[in-house]
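Colleague: heads up, no residue letters with this:
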């Protein structure tokens, strides 16, 4: 069963259980997947699906931050519910220790030793870690390793 089929099956179960939040979240996710398929004009690969799910998660996190700043607890709660559902479909991200191992290898590969080498190190790392690690975490660890 591919990812879209899994989401559709879960959507059917949520509809039968009358779980309105799960239904709307899964419909939104399916719509995002479908729109991406149309844009790419091909079936989605696993990397595409992971990227889309992570994008949706990131959007919810940003919304939660903004709603908290605006004092909208009702909307924060709604976004948190959607976030929890979306996280069920996202693969687990690498721990910092695992990322550090890849960062060390990439720094050695490009011969990086200074903060100005950040771009070259990130260019080597991100294709390897796409969908496996959060880009902001990777960036932070690279900056730490390249700091004097």
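Modeller: Cool, the structure landed. Given the structure is predicted, the values throughout are model-derived calculations rather than measurements.
Colleague: and the residue nearest the centre of the chain, what does it touch?
Modeller: Relative to the mean C-alpha position of the chain, the nearest C-alpha, by C-alpha atoms, centre = their mean, is the one of residue 54, at 2.1 Å. When contacts are counted by C-beta atoms under 8 Å, 6 or more residues apart in numbering, residue 54 touches 90, 131. Where you see a C-beta, it was placed from the backbone N, CA and C, and this is true even at glycine.
Colleague: tell me the mean pLDDT over the host helix or strand of it?
Modeller: For residue 54, the host element (DSSP states H and E) is helix 46-69. Averaging pLDDT along helix 46-69 gives 91.
Colleague: run the chain-centre distance for that helix.
Modeller: 6 Å (C-alpha atoms, centre = their mean, to the nearest Å).
Colleague: which SSE is immediately downstream of that helix?
Modeller: helix 73-87.
Colleague: tell me which helix or strand comes right after that following helix.
Modeller: Once the chain leaves helix 73-87, the next helix or strand it forms, by DSSP H and E, is helix 96-110.
Colleague: packing partners for the helix or strand following that following helix?
Modeller: Once the chain leaves helix 96-110, the next helix or strand it forms, by DSSP H and E, is helix 118-129. When contacts are defined as 3 or more C-beta pairs under 8 Å, 6 or more residues apart in numbering; DSSP states H and E, helix 118-129 packs onto helix 96-110, helix 135-146.
Colleague: so which of the ones you listed is nearest residue 18?
Modeller: Nearest of the helices and strands packed on helix 118-129 to residue 18, taken as C-beta to C-beta: helix 135-146 at 37.4 Å.
Colleague: distance of the residue nearest to the centre of the chain from residue 117?
Modeller: According to C-beta to C-beta, to the nearest Å, residue 54 stands 26 Å off from residue 117.
Colleague: got it, and residue 130?
Modeller: Counting by C-beta to C-beta, the gap from residue 130 to residue 117 is 20 Å.
Colleague: and this structure, what are its domain boundaries?
Modeller: 3-87, 96-146 (automatic domain parsing).
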